[in-house]
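1. Here is my input, please return the structure:
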Amino acid sequence: MRKYFLYLQIFLSVSWTYAQGPLFPTPLSPRLANYHITVNLDTKEKKLSGSERLTWKNNSPDFLKELQFHLYLNGFKNDQSTFLQGPGGRSFSSFLEDENGWGWIKITRITFPDGADLTDSCVFIQPDDHNVYDQTVMKLNLPEPVKPGQVVDLKIEFEAQLPRVVARTGYEGEFFMVGQWFPKIGVYEPAGTRYATKGQWNCHQFHATSEFYADYGNYQVTIRLPEAYIVGATGVKVGDQLNGDGTRSVTYACEDVHDFAWTADTDYIIIEDQWQDVKLYFYAQPLRVYQAGRHLQAAKSALEYLTEWVGPYPYPTLTIVDPQYRAMEASGMEYPTLVTAGTLWLVPSGLKFPEEVTIHEVGHNFFYGIIGSNEFEEAWLDEGITTYMEFKIMEHYYGQGEGTILSMWDLNIDQLQMDWGAYSSLASKDIIFKNSWQYDRGGYGIFSYYKPALMLLTLENYLGEKIMKEIMHKYYDRYKFKHPITRDFIGIVNEVSGQDLNWFFDQVLYGSNALDYGIDKITVREKGTRKGIFNEEPVSEEDTSNAGSGADSASTTSDPDSAKISVSRVIVAREGEVIFPVEVLVKFDNGEEILENWDGKERFKIYKYEQVAKVISAEVDPQRKIWLDRNFLNNGKTVEINPAARYKYSLRWLFWMQNILQYFSIF
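-> Residues are numbered from 1 along each chain as shown. From the prediction side, this is the model:
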């Protein structure tokens, strides 16, 4: 067995010796999965042929008789794959069914360093749905088990057909976005890791509503292609040479990452910039060079804010790729140190879609990249937290009195408001804590992105910004490069806040109930003349200590006979099942305001005021702190309806919708 497995601990403990030296002399991650890849791109046939040297360490106490690999490109192999058959997958069929649209990957040979051939030991498996037509996961049966602490060294030769650009990867004309393109080993999790009750491979099939999860390691990738092509990739360029036959070989390397992607195009124009010690690159399409400054400034804003709120960005480069205009399926995607933008030709400055996409994808480099969340099983830890930070970054840098996503034609729209609108219509349809492929396509967006982000904004408003910032810092510091899970995040929240907030997460993260508080009714009447025999005016201890606030509270004038006393009643209702403390602002006709605090546990709460001043309005959550509230329309009531206000907002809404429809009709 020793002839098949090499003890390469030294390989894992030192950096590679490429031209510019190591990026990180001290490893930042365990470096369990390390790749040397050489790949040739046939730009006419849109094919890859490659050789991969994988060294993988068994970091568990188990003896492993098999290895499992992702073969993501086989999700585009035929219309019976799990990717295309599952929720959301059908929408991608039109991209693939054109001529030469399909994509696939095939392992042609696997050997040990001594040449022992394992190719015939490869079989396809379907751990998620048992779909025999799906070939996105491969199992390699080993002649002898990998012992705890051992390193397996494999040479893998493969061929791949790139699809027409679909779901993050592929080609369009001379443009190539090459993601999830090589045989990629899964993650082995021993008992007690994550949610495993026994040792198992975490190597899910490729689903339309799922992304990725992998071990950290070092990558060195050499790409051979026609010399007219311009290449961008994960990490740092460490080599670029002409081969004398019309081709060039470009080499990139990166340490302590869990994926590698690259792009190539004959038309790219590269614009360089700098943020602190990070070199920024924008790979622009010729007609959109003028937008480079917007993307680069957005990237700087994201890095600045995330460094302050979360932690430092450890890599020396960040590349932003502008896909070709017919390749929008490649836009809005994240890979370590490389993201793809989302834009169109002739996007006015008032429409901040390019900034929003860049900020979101840069944010992923922290939660998907550095922290390493499992996007198959707990997508919210990446998508939801990233969306939460996106809201904050957009508001901080672009929301000064304007809409964060659209500010033009007297129209201001915030991304937060738009996402809340999508959430509110489906608030109780599903839960956040769920395998991503078990949602339908709409549910994946709501419960992996929007609801988790709104949950975190609500939590921040409940705890305060200072505590929430400390939570994010500690979460990053403790779990960077460690693949944390949901209970790890909740543990940090409880630890930093000094509270047991499981009651909140049990309802909102693990449950499907909705949060909805509203003003049910306001009544005002004059207090009638008292009848009967009264010896003296009673004054209770409660009246003297709590007058003017709280349930059944009362205040009196200094001369009760000088004015008529009114009795005002405000009824606040819990319309949803989620229990959460709320504030209620009550306004009176003399300008007085009272802010009541209710724990929200009962179905309704009655506030009663006996005084000269009359209640004119009441509002739940007046400062809009509870973004999980699914219905803001019932939050407030007035005693008298002002028809002018109703007409004003109706006309403004129609104006907004008209302009939105007119704007998007030009594309």
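
2. List the residues that contact the closest residue in space to residue 307 that isn't next to it in sequence.
-> The shortest distance from residue 307 to any residue other than its chain neighbours is 6.2 Å, reached at residue 313 (C-beta to C-beta, 6 or more residues apart in numbering). Yep, even glycine has a C-beta here, placed from its N, CA and C like the rest. The neighbourhood of residue 313, defined by C-beta atoms under 8 Å, 6 or more residues apart in numbering, consists of 278, 303, 306, 307, 365, 366, 370.

3. Which of those residues fall in helices?
-> Assigned to helices by DSSP state H, the following of those qualify: 303, 306, 307.

4. Show the buried residues in these.
-> Buried subset of the ones in helices among the contacts of residue 313 (neighbour count, 16 or more other C-beta atoms under 10 Å): 303, 306.

5. could the ones in helices among the contacts of residue 313 go into TSV alongside pLDDT?
-> Rendered in TSV, the data for the ones in helices among the contacts of residue 313 read as follows (pLDDT from 0 to 100):
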residue	pLDDT
303	98
306	98
307	98
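
6. Let's check: the centremost residue of this structure is which one?
-> Nearest residue to the geometric centre of the chain (C-alpha atoms, centre = their mean): residue 383, 1.4 Å.

7. give me phi/psi at it?
-> Residue 383 adopts backbone torsions of phi -60, psi -40, taken as degrees, to the nearest 10.

8. Spit out the contact partners of it.
-> Contacts of residue 383 were listed using C-beta under 8 Å, 6+ apart, and they are 375, 448, 449, 452.

9. from memory the first one sits against residue 209, does it?
-> So that's residue 375. No - with contact defined as C-beta atoms under 8 Å, residue 375 does not reach residue 209; the gap is 10.2 Å.

10. overlap in contacts of these two?
-> Each of residue 436 lies in contact with both residue 375 and residue 209 under the rule C-beta under 8 Å, 6+ apart.

11. returning to what we had before: ok, the contacts of residue 313 vs residue 610, which is closest?
-> Here the nearest of the contacts of residue 313 to residue 610, counting by C-beta to C-beta, is residue 306; it sits at 52.7 Å.

12. Quick check: the gap between the closest one and residue 481.
-> Look at residue 306 and residue 481: by C-beta to C-beta, to the nearest Å, they are 16 Å apart.

13. Counting by contacts, list what the helix or strand residue 283 falls within packs against.
-> For residue 283, the host element (DSSP states H and E) is strand 278-284. Counting contacts by 3 or more C-beta pairs under 8 Å, 6 or more residues apart in numbering; DSSP states H and E, strand 278-284 packs against strand 230-233, strand 269-275, helix 292-309, strand 317-321.

14. Given the second one, what are its sheet partners and their directions?
-> With DSSP bridges as the criterion, the sheet partners recorded for strand 269-275 are strand 278-284 (antiparallel).

15. List the contacts of the closest residue to residue 304 other than its chain neighbours.
-> Closest residue to residue 304 apart from its sequence neighbours, by C-beta to C-beta, 6+ apart: residue 275 at 7.4 Å. Residues touching residue 275, when contacts are defined by C-beta under 8 Å, 6+ apart, comprise 299, 300, 303, 304, 318.

16. What score does the closest residue to residue 240 other than its chain neighbours have for pLDDT?
-> Of all residues beyond its chain neighbours, the one nearest residue 240 is residue 250 (4.9 Å), with distances taken as C-beta to C-beta, 6+ apart. Turning to residue 250, the model gives it a pLDDT of 98.

17. Relative to residue 331, how far out is residue 43?
-> The gap separating residue 43 from residue 331 is 21 Å, by C-beta to C-beta.

18. sorry, that was for residue 235
-> Using C-beta to C-beta, one obtains 21 Å as the distance from residue 235 to residue 331.

19. Then residue 510?
-> 33 Å.

20. Which of those two has more residues huddled nearby?
-> Set side by side, residue 510 and residue 331 show unequal neighbour counts under other C-beta atoms under 10 Å, the larger going to residue 331 at 22 against 13.

21. and that one, what is it in contact with?
-> For residue 331, the contact set (C-beta under 8 Å, 6+ apart) comprises 323, 340, 341, 342, 343, 357.
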